[in-house]
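*Asks:* Turn this into a model:
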Amino acid sequence: MYRSTDINNFRPPSADERKLISDLTAAEFPGRAEVIEQLEQCVVRLIDEDGSLELRVMHPVAAPVLHRIPTELYGPDVDGVQISVLLHVVDGLCREIEIYKVDGTTIQRMPEIWHRFIPGPDEAE
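*Replies:* Numbering: from 1, shown residues only. Presented below is the predicted three-dimensional model:
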């Protein structure tokens, strides 16, 4: 999935990446409309072997999110170990989709069904 040649090349998100973006933004959270607007026209580049993406947004309308990570997906890999997908928003702009397996092993297959976590206004970063 990850190739060293991908690291310098921003490109439109693939169909699978678009689906992941859609899943990340499916639930309501503060700043969601602006995040969706940013991600509709973003370009991406792979930044690690797990499929994490650096984001470059074309319409930098600031998203008034409450937390650096306003939304998270999680679900089990085929071995039962959790995979997490976090959207990072810095200074109101979407910057990264971080993907990792909590035990640090290689992701075998992304979950077909995700659970969502949206931090509340009282939760610390």
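*Asks:* And the strands in the protein?
*Replies:* For the chain, the strands defined by DSSP state E cover 43-46, 53-56, 72-76, 82-90, 93-101, 115-117.
*Asks:* Looking at those strands, spot the one closest to residue 36.
*Replies:* strand 93-101 (9.7 Å; CB to CB). C-beta coordinates here come from the backbone N, C-alpha and C atoms, glycine included.
*Asks:* Show me where this structure has its helices.
*Replies:* Assigned by DSSP state H, the chain shows helices spanning 15-24, 32-40.
*Asks:* List the residues that contact the closest residue to residue 23 other than its chain neighbours.
*Replies:* The shortest distance from residue 23 to any non-neighbouring residue, by CB to CB, 6 or more residues apart in numbering, is to residue 114 (5.4 Å). Residues near residue 114 by CB atoms under 8 Å, 6 or more residues apart in numbering: 23, 73-75, 85.
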